[in-house]
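Asker: The amino acid sequence is not available; the structure is as follows:
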């Protein structure tokens, strides 16, 4: 059955058509971003990418810095492949897919300096802000890295800082007027190689039949994170093609994040 | 400070690898094993299989199931690493498997499993690359049908210098553009990159240059892997 699906995807690709959505090889599915979906989170967002639905939330508290970044706040990303989202996902501790998802999103935010973590230091070497970004998949129709990456960055973009009392402790459920110091917008773009075709924003059927996968996260003119996935390999020219395309796709998507206000 | 002008801490040229030592068949109990030492970084890989799949539900009816485990030994780093799989090592197990899979004729071993264990006994950057190189030698030593070896090495950028095989000291550079780490695995016979990761800040143009340098490095390591392997069997042939 999967062989048939693969042949079908390849036939469509010859005609620059896709399995889901009225789109070509270089197009994303319809993207909807909604913020402020949670009352209790510092910042939150819901992203719909075709039939893929994910939500992300930011929570903050005060912690101690890591020894190698004494003057910076901490970023902690976790991803949950909730069993509600896919018959193949099982309850229990995160598997390697969920860990990879969280770590690729984490790397994009961290390496691009999306948030000014130096401003999230309260007392150097002693007290810093912990920023928890958690994303949950509610419906899986492929490309979870991009959907979660966009949800995470949207939630951070609108996040408010929690209020501190006189003793410097967090007052839960109240917020100060300040927002999280936001600097850049990293946008992840995931490509899959099926046969000789490179296509962007794979749906679940395309992911199940991929030969190789490449996620490029870029902010403005630089590349901040790469992750190759899948069991196959990529030629140098194919990697170059993905890099060029990712900057073009970023231009199209970045506005939908840039215009978000808390 | 420009690293282009001052050069690297250990005086290596930009495209120069750290001295590499490889040994095959180091652990008698394993079906196949290998040790790779790149500079100070040391990886020991051991392979068990092909064998019956456990747990049963993971069995693949059309091909070999490969499971990879990467483990950082607690005293391999300056701060003690907690022994127990971390999130990092879980991810690395996955990317190592993805790097190796294309090199193995997986269709020849349906309903079977191959387990690849890598222990990093000394970590000085580039441990996932040493792990892949060692794992590939171990798989070959186990007599598994393969298309080719999978050499791996990290390319990168220190401030303004694109270079090969970064050390921990170089990875920790923060001045100027900071350091960018780009591990690359490459299978020469099919001309494909099977591991590619990056974290840092780099332009498209520099990235392509770095990947090219990585591929060049992989080709050198590939040559050494072939030599090591042949040498190993020569010794074995004389002994037996």
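Answerer: Here it is on my side, so go on. None of the values given here were measured: they were computed from a predicted structure. Numbering: from 1, shown residues only, chains lettered A, B, ... in the order given.
Asker: Where is the longest helix in chain B?
Answerer: Selection of the longest helix in chain B by residue count, based on DSSP state H, yields helix B:204-239.
Asker: For that helix, buried residues please.
Answerer: By 16 or more other CB atoms under 10 Å in any protein chain shown, the buried positions in helix B:204-239 come out as B:204, B:206-207, B:210-211, B:213-218, B:220-222, B:224-225, B:228-229, B:232. (Each C-beta comes from the backbone N, C-alpha and C, glycine too.)
Asker: Where does pLDDT dip in the chain?
Answerer: All of this is about chain A. The model of chain A has pLDDT under 70 over residues A:1-2.
Asker: other chain: chain B
Answerer: For chain B (pLDDT under 70), the answer is B:1.
Asker: Next, residue A:107: secondary structure please.
Answerer: At residue A:107 the chain is in helix, as set by DSSP: H, G, I helix; E, B strand; the rest coil.
Asker: ok, now which ones touch it?
Answerer: By CB atoms under 8 Å, 6 or more residues apart in numbering or on different chains, residue A:107 lies in contact with A:217, A:224-225, A:227, B:199.
Asker: Which stretches in the stretch 101-250 of chain A count as strands?
Answerer: Assigned by DSSP state E, counting those that start in this stretch, the stretch 101-250 of chain A shows strands spanning A:121-123, A:127-139, A:160-164, A:170-179, A:187-194, A:197-200, A:212-219, A:222-229.
Asker: May I have the strands that pair with the second one, each with its orientation?
Answerer: The strands beside strand A:127-139 in its sheet (DSSP bridges) come out as strand A:52-63 (antiparallel), strand A:74-80 (parallel), strand A:121-123 (antiparallel).
Asker: Out of those strands, which one sits most buried?
Answerer: Of the strands paired with strand A:127-139, the one with the most neighbours on average (mean count of other CB atoms under 10 Å in any protein chain shown) is strand A:52-63, at a mean of 21.
Asker: Next, the angle from it to strand A:170-179.
Answerer: 110 degrees (axes from the mean of the first three to the mean of the last three CA atoms, to 10 degrees).
Asker: Report the distance from strand A:52-63 to the chain centre.
Answerer: 12 Å (CA atoms, centre = their mean, to the nearest Å).
Asker: now the angle between strand A:160-164 and it, please.
Answerer: Going by the same axes, to 10 degrees, strand A:52-63 makes 30 degrees with strand A:160-164.
Asker: Tell me which other helices or strands the helix or strand where residue B:201 lies touches.
Answerer: Element membership for residue B:201, per DSSP states H and E: strand B:192-202. Packing partners of strand B:192-202 (3 or more CB pairs under 8 Å, 6 or more residues apart in numbering or on different chains; DSSP states H and E): helix A:96-111, strand A:222-229, helix A:236-258, helix B:87-101, helix B:127-141, strand B:152-158, strand B:179-187, helix B:204-239.
Asker: Of the buried residues of helix B:204-239, which are in range of chain A?
Answerer: When contact is defined as CB under 8 Å from any CB of the partner chain, those meet chain A at B:204, B:207, B:211, B:215.
Asker: Let me know the closest of the residues you listed to residue B:130.
Answerer: Nearest to residue B:130 among those is residue B:215, at 17.4 Å by CB to CB.
Asker: doesn't residue A:234 make contact with the closest one?
Answerer: No - using CB atoms under 8 Å, residue B:215 makes no contact with residue A:234, being 11.6 Å away.
Asker: shared neighbours of these two, anything?
Answerer: Common contacts of residue B:215 and residue A:234 (CB under 8 Å, 6+ apart): residue B:193.
Asker: what residues does the stretch 101-250 of chain A put near chain B?
Answerer: A:102-103, A:107, A:110-112, A:212, A:214, A:221-236, A:239-240, A:243-244, A:247.
Asker: Of those, select the buried ones using a PyMOL command.
Answerer: To isolate the buried members of those in PyMOL, using 16+ other CB under 10 Å:
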select buried, chain A and resi 102+103+107+110+111+112+212+214+222+223+224+225+226+227+228+229+230+231+232+233+234+239+243+247
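Asker: who's in contact with the residue of chain B found nearest chain A?
Answerer: In chain B, no residue comes nearer to chain A than residue B:192, which is 2.7 Å away by CB to the nearest CB. Taking CB under 8 Å, 6+ apart as the criterion, residue B:192 is in contact with A:232-235, B:102, B:186.
Asker: cutoff 7 Å now
Answerer: A:233-235, B:102 (CB atoms under 7 Å, 6 or more residues apart in numbering or on different chains).
Asker: Kindly check the end-to-end length of stretch B:108-117 for me.
Answerer: This stretch, stretch B:108-117, spans 21 Å end to end (CA to CA, to the nearest Å).
Asker: Would it count as contacting chain A?
Answerer: No - judged by CB under 7 Å from any CB of the partner chain, stretch B:108-117 stays clear of chain A, getting no closer than 13.4 Å.
Asker: for chain A, what are the nearby residues on chain B?
Answerer: Checking chain B against chain A by CB under 7 Å from any CB, the hits are B:87, B:90-91, B:93-94, B:98, B:101-102, B:187, B:190-204, B:207-208, B:211.
Asker: Pull out the buried residues from the residues you listed.
Answerer: B:87, B:90-91, B:93-94, B:98, B:101-102, B:187, B:192-202, B:204, B:207, B:211.
Asker: quick one: which two of the contacts of residue A:107 are the most distant?
Answerer: Going by CB to CB, the pair spanning the contacts of residue A:107 furthest: A:224 and A:227, at 11.3 Å.
Asker: From residue A:242, how far off is the most centrally placed residue in chain A?
Answerer: Nearest to the mean C-alpha position of chain A, by CA atoms, centre = their mean, lies residue A:149 at 0.9 Å. For residue A:149, the distance to residue A:242 equals 16 Å [CB to CB, to the nearest Å].
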